[in-house]
Every structure is written in structure tokens, then in C-alpha cells.
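In: This is the structure alone, sequence omitted:
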């Protein structure tokens, strides 16, 4: 083996050192801040709101933010934001207050930059298109004559 300078391949270490440095109290603290920024302040609606900006806003470094999102939500940042957007879109598609909005209006309102990316993300998470979801979950209000 020495003749060809071949060195046995080392096995990859599966645990990341930055994950080990994140204590449970840090995970809890960063998780609360993530929820506050993304869900309560609805930063997920801003298509330009990045993981880096979130890390800066909550005072965390990118590695810790990434580790916490992965450990707490079992997702990466893009997946987490995408799920929040789709959850909001599903609500809007069912609510009669938004019945006159186009799919593009709903997509932009929840943070997607265009209708195509909205449809792709919706289909990937739900297995149906937003239009199919709207038709399946449409709430039919009783007519005034029936009362």
C-alpha cells in the first residue's frame, strides 16, 4: 500500500461538534426566539427573510440556528419556512374571507415569490394542488332561503 501512497479511508463522524455544544437550555432559548420571529411576528411571509437574517435578529450564530432547527423541528430552515407558508395558505384556501383571492394573491400573501413555486411547494407537502385543496375543503354556506 505504501508504494502507491494509498491511505485507508477514515469513517465519517456522524455527530457534528456544534450540535454537541448546544445545550438543552440553549436549544430551548433559540427555539422560543425562532417561534417568536417566524410565527408570531410572521417573518415567514417575507420572501427575503433568510436564515442568516434570522440568526442575526435572535443573536445566534448560523451553526447553532441550523442545529436547533434540525433538532427541534427535524427540518432545515427552508423546509420550516415552507411548511409555515403552506399552513397559512391552507387556512386561506378554506376561509370564506379569502374566497375572491387568486392563487397568485394567496401565494404572494404567504411569502412565495410566484405562483409556480407556491404550487410546487404545496404539492410536495400536501400531495395535491392548491386548487384541488380549495375545492375539497370549500365551505358551502347555507342559502338564506333555506332558513
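Out: Okay, I see it. This is a predicted model, so every value here is computed, not measured.

In: next structured bit after the helix or strand of the chain with the lowest mean pLDDT?
Out: Least confident element among the helices and strands of the chain, by mean pLDDT, DSSP states H and E: helix 17-20 (a mean of 60). Moving toward the C-terminus from helix 17-20, the first helix or strand encountered (DSSP states H and E) is helix 24-35.

In: which residues touch that following helix?
Out: Counting contacts by Cβ atoms under 8 Å, 6 or more residues apart in numbering, the residues outside helix 24-35 that touch it are 22, 54, 58-60, 64-65, 68-69, 71-72. The C-beta positions use only the backbone N, C-alpha and C, and glycine is treated the same way.

In: Any buried residues in stretch 66-78, and which?
Out: Of the residues in stretch 66-78, those buried under the neighbour-count criterion (16 or more other Cβ atoms under 10 Å) are 66-70, 77.

In: Could you check how far residue 93 is from residue 80?
Out: Counting by Cβ to Cβ, to the nearest Å, the gap between residue 93 and residue 80 amounts to 21 Å.

In: ok, longest helix in the chain?
Out: As far as residue count goes, and with DSSP state H defining each element, the longest helix of the chain is helix 77-94.

In: average pLDDT for that helix?
Out: Taken as a whole, helix 77-94 has a mean pLDDT of 97.

In: That one versus helix 24-35: what angle between them?
Out: Helix 77-94 and helix 24-35 are oriented at 40 degrees to each other (axes from the mean of the first three to the mean of the last three Cα atoms, to 10 degrees).

In: From the chain's centroid, how far away is helix 77-94?
Out: Averaged C-alpha coordinates place helix 77-94 at 7 Å from its chain's average position (Cα atoms, centre = their mean, to the nearest Å).

In: Check stretch 27-36 too.
Out: Using Cα atoms, centre = their mean, the distance between the centre of stretch 27-36 and that of its chain works out at 15 Å.

In: ok, which stretches of this protein are helices?
Out: Counting by DSSP H, the chain forms helices over residues 17-20, 24-35, 51-58, 62-73, 77-94, 103-110, 115-126, 130-136, given from the N-terminal end onward.
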